[in-house]
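Colleague: sequence? don't have it. structure:
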């Protein structure tokens, strides 16, 4: 049902409520219109029956019973358009109207008009032989000025108690009044429009604060800024929802601020002693010993940076700006070249997209460091795949067992079980790279590369970024 | 140039004695005369007694912080300043440089690198500084270089990452457009700051810079090789206001 109506089914609360109300209103109005129409029809029918009864009664009094006609009786009967038959006017195609018959009988009985039976039915004009004759006469007399004949007749007939004679009256059924129907439809529509409009207005009043709240939530998710909170408004439930939301928002913002302050403090408190250490080792005489110390300090610093960055990666305050990806990849590659690392890079194309350069550089750097650490050499490649920029970092190492690939992207996981200081790192490099890819709406995948005989010849990290 | 008779006077401001003391010691061994201050207030009172030639300034300090003192130094004394910072993010760098710092190092820094930067800043200060006007950008062939933020944008406005070495090289070309600069001259103009990067030939840096700014780095049109001479920026350079770019 929902799928069938997919196109018109409203998605919003206001829309759905309005649709429900509209359907209910339409149903109620429809029922009332039908009832009204039927009451009108019944009233018309009753009027016809009454009129027929009066004519029958009058004809009976004037003309008495068939066969003993006083002078002028024929004339009176003709005036009253009452036909005398010696058989029932009912033919096989006619449908008797029980209610009307019953009513007619009651009226006649009330006036002391004894009958053997009553027949009432409707019959289309053209099918009535008596009337057809009269119409033909009238058309002959009046020519084309004859008013259009009614479509339908009500034929009421009574069997007189003696002799089986029938008195028959034919009442033209007035054409159904078009005006009546139109008025009814017009009234219904007007009422419908008024009610619907009023309800739409009320609903809008109710759902407006909800809409505002939704907008506010979306903005907050993006900016994490507690400023610009909504004033509670609308019905009581919604008002309380807004108050509760504001409280939660304030708490979240406070927590996030606290986190940033704490991370800043940790960074500062750890980096200053590291800096002091870095200065002090300059007085170490043994040069190779000093180089080792410097490398350890660098490793600690990098891990610290990774931890701090991972905690901040989602912070939306860093703006996106359009940048040329080729130059960025080249810059990272060149940094490693300068350090004498076996890194090569190939930039197939110029791709400009909005990004956070500091972060993306860090992601690529981490992937290269990883490739160098486990795979001895790294190849960076930038290409374009339809609407994605693809940065591939390949190494020639042993790869990763297939069942561990997913786990490698989790924090604090490293390729080697031993926490060997030679390979170092907090195990956050890949996690951070993936978080940065996510932050840019992209993805990071790891996969083993195999040669023709199926042996793993290295690992490929694929960083994909959507080109907007 | 730095072989002066009197040692260069530095003022080191950092609230952490664990860093300040060994660093002062190290810099003294490198031939500087180092005064120490543990807070901005102490630094201010030292400045009243005598002005150093360069100030090394920690950003995060209790009381008045480094950025505020840095602004004071730039405004009141025009003393070159290098910021020592635990933060390494781009925003901090821009803020630091915009308020008048001449350079910054991120903790933990390599002491040799700090010394290289001190020398580089002093050399620039001695030349009268290259400090470009506020908000001034260089424009060439639709490209823009913001010297304060070290931000290069291509004619479509996309940011193009360049390293510090490439930035200095490009600045050298932009300050001397349509002039042939030979390798020694270029080396002299860009060396010092990241001396270790320039262990490699200047040609290598040129080819890297070309990779970023040339349409086809195999057939360079902007940075041309002059046979027997060196390199030349084959473009007109204009200085424009930042907001008009």
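Modeller: Thanks, I have it. Note that this is a predicted model, so its numbers are computed, not measured.
Colleague: partners of the spatially most central residue of chain B in the sheet?
Modeller: Most central in chain B under C-alpha atoms, centre = their mean is residue B:103, positioned 5.0 Å from the mean C-alpha point. Per DSSP bridges, the residues bridged to residue B:103 are residue B:82.
Colleague: Verify the stated contact: residue A:116 with residue A:157.
Modeller: No - using C-beta atoms under 8 Å, residue A:116 is not in contact with residue A:157, being 10.8 Å away. Every residue, glycine included, has its C-beta placed from N, CA and C.
Colleague: and residue A:446, what does it touch?
Modeller: Contacts for residue A:446 were tallied using C-beta atoms under 8 Å, 6 or more residues apart in numbering or on different chains; they are A:400, A:405, A:408-409, A:430, A:459-462.
Colleague: Is it possible to mark the buried ones in these?
Modeller: Among the contacts of residue A:446, those buried by neighbour count (16 or more other C-beta atoms under 10 Å in any protein chain shown) are A:400, A:408, A:430, A:459-462.
Colleague: tell me which of those is nearest to residue A:351?
Modeller: Nearest to residue A:351 out of the buried ones among the contacts of residue A:446 is residue A:462 (C-beta to C-beta; 15.2 Å).
Colleague: I'd like the average pLDDT over the helix or strand containing residue A:240.
Modeller: Element membership of residue A:240, judged by DSSP states H and E, is helix A:236-280. The average of the pLDDT scores along helix A:236-280 is 86.
Colleague: Tell me the buried residues in the helix or strand just after it?
Modeller: Next helix or strand after helix A:236-280 toward the C-terminus (DSSP H and E): helix A:287-312. For helix A:287-312, a neighbour-count test (16+ other C-beta under 10 Å) marks A:293-294, A:297, A:300-312 as buried.
Colleague: Helix A:236-280 and helix A:287-312, what's the angle between them?
Modeller: Interaxial angle of helix A:287-312 relative to helix A:236-280 (axes from the mean of the first three to the mean of the last three C-alpha atoms, to 10 degrees): 170 degrees.
Colleague: Now residue B:31. Nearest residue, chain neighbours left out?
Modeller: Of all residues not flanking residue B:31 in the chain, residue B:7 sits nearest, at 5.6 Å (C-beta to C-beta, 6 or more residues apart in numbering or on different chains).
Colleague: cool, and residue A:95?
Modeller: residue A:121 (5.8 Å).
Colleague: before we move on, the earlier item: so for residue A:116 and residue A:157, which residue has more residues nearby?
Modeller: More crowded of residue A:116 and residue A:157, by other C-beta atoms under 10 Å in any protein chain shown: residue A:157, with 26 against 13.
Colleague: from memory that one sits against residue A:89, does it?
Modeller: Yes - between residue A:157 and residue A:89 there is a contact at 5.0 Å, judged by C-beta under 8 Å.
Colleague: Which of the buried ones among the contacts of residue A:446 fall within helices?
Modeller: Judged by DSSP state H, helices contain the following of these: A:408, A:430.
Colleague: Adding distance to residue B:120, write the buried ones among the contacts of residue A:446 out as CSV.
Modeller: Below are those laid out as CSV (distance: C-beta to C-beta, whole Å):
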residue, distance to residue B:120
A:400, 44
A:408, 42
A:430, 37
A:459, 40
A:460, 41
A:461, 37
A:462, 40
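Colleague: Closest one of the buried ones among the contacts of residue A:446 to residue A:164?
Modeller: Comparing these against residue A:164 with C-beta to C-beta places residue A:462 closest, at 104.5 Å.
Colleague: got a list of what residue A:10 touches?
Modeller: Listed by C-beta under 8 Å, 6+ apart, the contact partners of residue A:10 are A:16, A:18-19.
Colleague: Enumerate the residues of chain B near chain A.
Modeller: B:16, B:18-19, B:22-23, B:26, B:60, B:84, B:86-90, B:107-112, B:154, B:156-163, B:197, B:200, B:208, B:211-212 (C-beta under 8 Å from any C-beta of the partner chain).
Colleague: and with 7 Å instead?
Modeller: Proximity of chain B to chain A (C-beta under 7 Å from any C-beta of the partner chain) is limited to residues B:16, B:18-19, B:22-23, B:26, B:60, B:86, B:89-90, B:107-111, B:154, B:156-163, B:197, B:208, B:211-212.
Colleague: Filter these down to just the ones in helices.
Modeller: B:18-19, B:22-23, B:26, B:90, B:111, B:208, B:211-212.
Colleague: Including neighbour count, could these go into TSV?
Modeller: Conversion of those to TSV gives the following (neighbours: other C-beta atoms under 10 Å in any protein chain shown):
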residue	neighbour count
B:18	15
B:19	25
B:22	20
B:23	26
B:26	19
B:90	16
B:111	22
B:208	23
B:211	17
B:212	21
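Colleague: State the pair within those residues that is farthest apart.
Modeller: Top of the distance list for these (C-beta to C-beta): B:18 and B:211, 43.0 Å.
Colleague: What parts of chain A come near chain B?
Modeller: Counting by C-beta under 7 Å from any C-beta, the residues of chain A near chain B are A:267-268, A:271-276, A:278-280, A:282, A:297, A:301, A:321-324, A:327-328, A:330-331, A:334, A:338, A:352, A:357-358.
Colleague: Could you give the bridge partners of residue B:146?
Modeller: Judged by DSSP bridges, the bridge partners of residue B:146 are residue B:151.
Colleague: and it, how many residues sit next to it?
Modeller: 17.
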